[in-house]
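**Student:** Dropping a prediction and its sequence here:
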Amino acid sequence: MGDVSARFLCFVCGYSDLVDPPWDNDEPSDEICPSCGIHFGYDDAAGGDPGLRESIYREWRRRWIAAGMRWWSLGDAPVGWDPEAQLRSVTE
């Protein structure tokens, strides 16, 4: 489990409150982003090729946007959650 004072960014949707870095060198966090639902180390394994991960993130992002950028987790989205603002951190 990661350092609770440090939070990390989702490469797909820009959610900035992940507990662990999605990848640490060749080791995935196995965390699931509560915002877009990507499972790091599973959905983005890319056959072990880090260069292919970016295309996986772009496609996952495209599908998440097309589906209405809904909060993925079963729990409620954080108060004031703004998916468009969070998305800008990975698209600008």
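**Tutor:** Now that the structure is in, tell me what you want to look at. Residues are numbered from 1 along each chain as shown.
**Student:** Residues in contact with the longest helix seen in the chain: which ones?
**Tutor:** In the chain, taking DSSP state H as the definition, the longest helix is helix 50-66. Contacts of helix 50-66 with the rest of the structure, by C-beta atoms under 8 Å, 6 or more residues apart in numbering, involve 11-13, 23, 26, 36-38, 43-44, 46, 87, 90-91. C-beta here means a position set from N, CA and C on the backbone, and glycine is covered the same way.
**Student:** Recalculate using a threshold of 7 Å.
**Tutor:** F11, V12, C13, C36, I38, D43, D44, A46 (C-beta atoms under 7 Å, 6 or more residues apart in numbering).
**Student:** Can I get the residues you listed in a markdown table including secondary structure, distance to V79 and neighbour count?
**Tutor:** Putting those into a markdown table (DSSP: H, G, I helix; E, B strand; the rest coil; distance: C-beta to C-beta, whole Å; neighbours: other C-beta atoms under 10 Å) gives the following:
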| residue | secondary structure | distance to V79 | neighbour count |
| --- | --- | --- | --- |
| F11 | coil | 24 | 24 |
| V12 | coil | 22 | 26 |
| C13 | coil | 18 | 26 |
| C36 | coil | 19 | 28 |
| I38 | coil | 23 | 24 |
| D43 | coil | 27 | 18 |
| D44 | coil | 29 | 21 |
| A46 | helix | 35 | 14 |
